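1. this is a predicted model, with the sequence first.
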Amino acid sequence: MLRLAAECGLRRGEIARVKSDDLVRDARGWMLIVRGKGDKQRLVPLPDDLADSIAAAHGWLLPGRWSGHVEESYVGKHLSRLLPNGYGAHSLRHRFATTVYADTSDLLVVSRLLGHASTETTERYVAMPDGRLHDAVAGVAIH
């Protein structure tokens with residue numbers, strides 16, 4: 001649960017619905033078919049070891065007690081227990097967005113990975129990395 005939120009930016013409900021059948025491989029590695037809000041699908045790259053763990057589940061990664069998968073609230077509660085007070089699954093999604101943006105400077109990539117229909121929504125997820133404004137001004141300074 002923690003890795004899917006922190007390393008892939010998945011929502012609680014998306015984590016709850018991960019199953020081994022959702023793994024696909026492309027030329028660069030493993031991808032997960034994620035069913036997001038409005039049943040929109042997107043592909044999210046996965047580290048090999050995480051893909052192996054999902055494949056080993058042979059069905060739902062997080063099966064429910066009686067049938068199907070666990071509830072979204074189950075994922076949220078368990079992640080909240082693992083994180084410091086005041087942080088939850090959604091905090092990990094914001095962390096993911098900020099980290100990917102800091103590495104790529106590409107808001108469209110972040111938006112696609114998060115499954116947002118608009119980059120305007122994504123802008124609320126991305127925190128400006130420290131020093132970015134200073135670096136921008138320093139880059140245009142006349143010496």
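-> The structure has been received and is ready for your questions. Numbering: from 1, shown residues only.
2. A89 and E7: what is the separation?
-> As for A89, its distance to E7 is 13 Å (criterion: CB to CB, to the nearest Å). For every residue, glycine as well, the C-beta is placed using N, CA and C.
3. okay, the two: which has more neighbours?
-> Taking neighbours as other CB atoms under 10 Å, A89 and E7 compare with A89 leading, 26 against 17.
4. state the distance from that one to L83.
-> For A89 relative to L83 (CB to CB), the value is 8 Å.
5. not counting the longest helix that the chain contains itself, show me its contacts.
-> Longest helix of the chain, by residue count under DSSP state H: helix 89-104. For helix 89-104, the external contacting residues (CB atoms under 8 Å, 6 or more residues apart in numbering) are 1-2, 5-12, 15, 75-76, 79-80, 83, 107, 109-110, 113-114, 122, 125-127, 129.
6. buried members of the residues you listed into ChimeraX, please.
-> The following ChimeraX line selects those of these that are buried, judged by 16 or more other CB atoms under 10 Å:
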select :1,5,6,7,8,9,10,11,12,15,75,76,79,83,107,110,113,114,122,125,126
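7. which of the contacts of helix 89-104 fall within helices?
-> The helices, defined by DSSP H, take in 2, 5-6, 12, 15, 75-76, 79-80, 107, 109-110, 113-114, 122 from the contacts of helix 89-104.
8. alright, that wraps it up for me.
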